[in-house]
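Q: Fold the following and give me the result.
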Amino acid sequence: METSLRFDSTNKRLNLYAKENFVSDDNVVLTLSGSLCTHTGAVLGKVQLRKKFFPEILTRLDVGAAYETNVDEVKYVLAGKKSFELSDDGLLSLDLKGSYTMFNKPLKGQARGRVELSRKIFNFTEDQDLKLKIGFSSEDKKMYAQIRENNWTLNVDAGGRWNVRYDL
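A: This next block holds a predicted model:
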């Protein structure tokens, strides 16, 4: 089970987050996740079922559905990712990500896209790996960046929002 502590600049509240993935032999993934707000005691949950495909033209293609307790509706998702390795060692890559989400209430869809340049640095310091990422989101129409160390992750965007996560 993955667990983490999360804090963001929008809500300014600490959340305890947990997630578990159950994967079958034929790449069907059931994901259960939830968070507990340490300030209010509010609990949010999400269940997601998706099938992963690995076609030759894409790095990955996901088809599935998700239910979130705070929205109280099922949404259907089609998502894809294509990675291009920009270095021989595979530590520098350009990732193109896209998804289309279909909602029931009202019947509508939402397309999203991202372009990300990421660099992995192994043994940045002794026993510490680092991953740097910079990207652009079509949904927010903003640039964003991520710095990830073994347990810590800091995300920032051009609008001044940020969040930090510590993996337990």
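Q: alpha carbons only for contacts and neighbour counts from here, please
A: Noted.
Q: could you point out which element follows the helix or strand Ile134 falls within?
A: Using DSSP states H and E, Ile134 maps to strand 128-137. Toward the C-terminus, strand 128-137 is succeeded by strand 142-149 as the next helix or strand (DSSP H and E).
Q: residues of stretch 110-129 that come out buried?
A: For stretch 110-129, a neighbour-count test (16 or more other CA atoms under 10 Å) marks Gly113, Arg114, Val115, Glu116, Leu117, Ser118, Arg119, Lys120 as buried.
Q: same check, this time on stretch 92-111
A: Using 16+ other CA under 10 Å as the test for burial, stretch 92-111 gives Leu92, Ser93, Leu94, Asp95, Leu96, Lys97, Gly98, Ser99, Thr101, Met102.
Q: For this structure, just list every one of the strands.
A: Under the criterion DSSP state E, the chain contains strands at 2-8, 14-23, 28-37, 43-53, 60-68, 73-85, 92-103, 108-125, 128-137, 142-149, 152-157, 162-167.
Q: Please tabulate these in TSV, including the columns mean pLDDT.
A: Below are the strands of the chain laid out as TSV (pLDDT from 0 to 100):
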stretch	mean pLDDT
strand 2-8	97
strand 14-23	98
strand 28-37	98
strand 43-53	97
strand 60-68	96
strand 73-85	95
strand 92-103	96
strand 108-125	94
strand 128-137	96
strand 142-149	97
strand 152-157	98
strand 162-167	98
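Q: Measure how buried the closest residue to Glu2 other than its chain neighbours is and give me the count.
A: The spatial neighbour of Glu2 that comes closest, neighbours along the chain excluded (CA to CA, 6 or more residues apart in numbering), is Lys19 at 5.1 Å. Counted by other CA atoms under 10 Å, the residues lying close to Lys19 total 16.
Q: who does Lys19 bridge with?
A: Glu2, Ser33 (DSSP bridges).
Q: ok now do it, which residues does it touch?
A: Lys19 makes contacts with Met1, Glu2, Thr3, Thr31, Leu32, Ser33, Gly34, as judged by CA atoms under 8 Å, 6 or more residues apart in numbering.
Q: Equivalent analysis for Phe7, please.
A: Residues in contact with Phe7, defined by CA under 8 Å, 6+ apart, are Arg13, Leu14, Asn15, Asn163, Val164, Arg165.
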